[in-house]
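Undergrad: make a model of this:
(2 chains)
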Amino acid sequence: MSDKNPEYDFKWCPGCGDFGVRRALEQAVQRRLIETEEPVENTVVVAGIGCSGNMVHVIEGPQPYGIHGLHGRSLPISMGVKAGRPDLNVVIVAGDGDFLSIGMEHIAPQAQRNLNVCAVIMDNAVYGLTKGQSSPTAAEGQITSSTPYGKPEDGLNALRLYLSVGASHVASAMSSKIKDLADMIYNAMEYEGFAIVHVQSPCTEYNNTFEQLKGNAKKGIEPIAWNIPEDHDPSDLKAAHEIVNNGGVPVGLLYQAEGRTAFHERMEAIHAKAQSKTAQELIDSYAF
Amino acid sequence: MRKKDFIVRFAGEGGDGFLTVVDGFAAATTKAGYHSQTFATFPSQIKGGPTWFQLRVSTDPVLSRGDELDVLVAFNENAYEAHKDEVGEGGVVLYDSGRFELPDDGKSLGIAFERLGKSTGNLRAGNMVVMGALAKLADMPQAVLEDFVRWRWSNVQRYGEKTVPQNIEALSLGREEAIKSGFSLGQLADPSRPDHEQIMVNGNEAISLGAMAAGLEFFVGYPISPATTILVWMEERLVGEGQFAYQVSSEIESINSIIGASYGGVKAMTATAGPGFSLMSEGLGFAWMAEIPIVVADVQRGGPATGLPTKTEQSDLLNALTPAHGDVLLPVIAPGTVEECFYATVAAFNWAERYQGPVILLSEHALAERKQNILKPDLDKLVIEKRQVYSGSNGYERYEASELTPMPIPGSPGSYVANASEHDGMGDTTHLPERHVQMTERRFSKLELLEDGTYESDNTGASVALMPWGGSKGPSREAYLRLIDGGADLGWYYTMYLNPLPPALLDELRQKELVLVPELNYLGQFSSLLRSMSVRAESITQYTGLPFHVSDLVRRISERTGVSSKESVAV
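TA: Reported below is the predicted structural model:
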């Protein structure tokens, strides 16, 4: 779980946005150690498959537990970890292909349950590890190795999706703004409910969007990223939708539900209605 | 000579309510000291459709649903036409003469169940009319049924004061009709109540109870016939401190969730059937790869694809052994009786925890839906194993050694990565050839920890042996006993531990000239597995969606081997 391991032979490309996300995640984990006084072993990082999933092997500093599971299944795995052990802090790291294509079916159920986990999604709008195929968040018309004549579908607006399926806490970030991202990840970890931090994390090899995101005055490129105004009320779902509808990449805390019960509390309330029996009592109930 | 057993089939439309009669008659007779086994088959729809249930009551433990019927209870004419040929010599057709008429052929007895039942003032008492008539046909004391009625509807607050007397009146009405008819099947021999405590459960209930006895803490599942009843059971009962049961959004979520839960240190399980099991494929490979203890129950139904959701088959065996891509070979335990469903589940958890990996509990529809009286399990006699847990400091390499090593649990030092990719000692991804060799061998070597399975054997000197697996055990055993009684020289072997097979059993099987494997699939899956292990095995296959008939097995074994018995000639 550190790049000092000589056998570990995976490398991110120079300049990859995921490096910034790694720094931010390390800072958030370390801040949590100090603020909660919980050991780092209380944190479990559940990784998807793809470039971003390798995060779990390259975290420096105090080492959390990790799971590097199956493509698209980081949420179901997290569901088991968190539902079985509500005391653990569960952080998902996955890419847009993993989370929003093959794994998309799992987002809505976690949102409805309000599972208390934090998902950090690294969006580069491309399948990097398999060398540049189109992903759900790639724009219509984009030319990639799998869309040689342009992408036929519309690009998916991930933030709108999260709001629509009922995620409780939705933040939008950029991998280059490490300090802000670290704060967002920390806040999402501490939020009691299903939290997503959606990070623009460009792929320098196949879809380098650094310049589009930040803009370049010399070249006359307007930035597509813009800060969510400070007077935005994150508990206002309608306002959050309006921000998304304004286009571009809004950056900041988009939405945070208030007073929504987290999954483990819902289950506690349900169990309080039930009468628990021992194995012996259950067996005896079938006696005649 | 008094009869040793009594086989009755109830046939009609789903929704005719005869499940109550079957369960009631089974409960009443077992309370009186008989042994009983029910069998059900029905279409995959909520209500209606041709449905039948069968009950066999015996003075001895019941091995199978039995062959020829003593009584066919026909609720409509179609049911009569479909089942009349299975009524044996001297058998009786009991039919609802309020719905249709049969010619007076000397073996048909018409009683207006529904109308007579309603005459007691209880709209649902028609079933009790049937029970009363049945008891008389088998010459059972009416007191047995009256005791049952008083026990079943004892909750006056719930059922009212009139239910018991109305139902007893209905019993008498049915009895009187049977007496008037003059029909009798001969008296059932007196029961000899076992001197041990019993419970009455079906296979899925036995699995559920076994899981609780083994210390199950986490269950998730997705509705699928015939495994749904385990999910429903757990949702109601796995609700204590540190317990969790939940319906997730798919079988893909089921398998990955139980992996996550077990990684967190809790005992975790799911239950499914063929289609769901197929969806779990990749997850099972993950659990094998990352060495996470889980139990997956596959309650088999007819396949492939959506197949026959409510019929029985034993066609998932090869898939259970190697459900995932790549080099995997999963431990498989297949119970053969309702009672074994309990113990197989306990064993599956023990195996999973011991070797730190997935174990498949392979049950089947015929066991899931069969209700039977079994010995009450003694929890004090059960051995419940727990995984070896790492308790050292950080820097531990869980996968470094060539053999099983303690498993770290989140919350305590020992952080590592549970990785579905090939990995090094810490669980970090690697592509080094020597690591893949070492890790592959490590994963397979752990199977040796599971070579403690037990097995049954009988008449081991014979050169030809019968070796069923799973739910074909009961009818095979009954066929075996008939053949042996007739003087046949036939050996018997049976184990529920299908992988790894007990090594001593395999040694014995390899000595045989022929091992015959009755199994409910087309391919002859278990015999092909045995042949791959140098056993001269052949299957007796059936793929009708129904369990074997004993008489068919006797005939087919005789034909194949030349062994025969007087009884087999008589059948």
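Undergrad: every contact and neighbour count from this point should use C-alpha atoms.
TA: Fine.
Undergrad: which residues of the stretch 1-150 of chain A lie near chain B?
TA: Within the stretch 1-150 of chain A, the positions near chain B by CA under 8 Å from any CA of the partner chain are A:1, A:7-10, A:39-44, A:56-57, A:63-70, A:73, A:76-85, A:88, A:106, A:109.
Undergrad: so is the strand or helix carrying B:R442 next to chain A?
TA: Following DSSP states H and E, one finds B:R442 within helix B:433-445. No. Looking at helix B:433-445 against chain A by CA under 8 Å from any CA, there are no contacts, and the closest approach is 9.3 Å.
Undergrad: ok, and what's touching that helix?
TA: Outside helix B:433-445, the residues within contact range by CA atoms under 8 Å, 6 or more residues apart in numbering or on different chains are B:288-289, B:291, B:327-329, B:399, B:401-404, B:422-424.
Undergrad: also stretch A:213-225?
TA: A:E211, A:Q212, A:G248, A:V249, A:P250, A:V251.
Undergrad: packing partners of the helix or strand harbouring A:A188?
TA: Element membership for A:A188 (DSSP H and E) is helix A:178-190. Where contact means 3 or more CA pairs under 8 Å, 6 or more residues apart in numbering or on different chains; DSSP states H and E, helix A:178-190 is packed against helix A:17-36, strand A:89-95, strand A:118-123, strand A:169-174, strand A:195-200.
Undergrad: I'd like the ones you listed laid out as CSV, including mean neighbour count and mean pLDDT.
TA: Shown next, in CSV, are the helices and strands packed on helix A:178-190 (neighbours: other CA atoms under 10 Å in any protein chain shown; pLDDT from 0 to 100):
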stretch, mean neighbour count, mean pLDDT
helix A:17-36, 20, 98
strand A:89-95, 28, 98
strand A:118-123, 29, 98
strand A:169-174, 26, 98
strand A:195-200, 28, 98
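Undergrad: returning to what we had before: next SSE after the helix holding B:R442?
TA: The element immediately downstream of helix B:433-445 (helix or strand, assigned by DSSP H and E) is strand B:456-458.
Undergrad: now do that following strand: distance to the chain's middle.
TA: In this view, strand B:456-458 has its centroid 21 Å away from the chain centroid, taken as CA atoms, centre = their mean, to the nearest Å.
Undergrad: of the residues of the stretch 1-150 of chain A next to chain B, which belong to strands?
TA: The strands, defined by DSSP state E, take in A:T43, A:V44, A:Y65, A:G66, A:I67, A:H68 from the residues of the stretch 1-150 of chain A next to chain B.
Undergrad: in PyMOL, select just the buried ones from those residues.
TA: Per 16 or more other CA atoms under 10 Å in any protein chain shown, the buried members of those correspond to this PyMOL selection:
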select buried, chain A and resi 43+44+65+66+67+68
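Undergrad: picking that back up, angle of the helix holding A:A188 against strand A:195-200?
TA: With axes from the mean of the first three to the mean of the last three CA atoms, to 10 degrees defining the directions, helix A:178-190 sits at 160 degrees from strand A:195-200.
Undergrad: distance from the chain centre to helix A:178-190, please.
TA: Counting by CA atoms, centre = their mean, helix A:178-190 comes out at 12 Å from the chain centroid.
Undergrad: can you give me the angle that helix makes with strand A:118-123?
TA: Using the same axes, to 10 degrees: helix A:178-190 against strand A:118-123 is 140 degrees.
Undergrad: show me which of the ones in strands among the residues of the stretch 1-150 of chain A next to chain B is closest to B:T20.
TA: B:T20 lies nearest to A:I67 out of those, by CA to CA, at 49.0 Å.
Undergrad: could you list the buried residues of stretch A:163-170?
TA: So, applying 16+ other CA under 10 Å, buried residues of stretch A:163-170: A:L163, A:G166, A:A167, A:S168, A:H169, A:V170.
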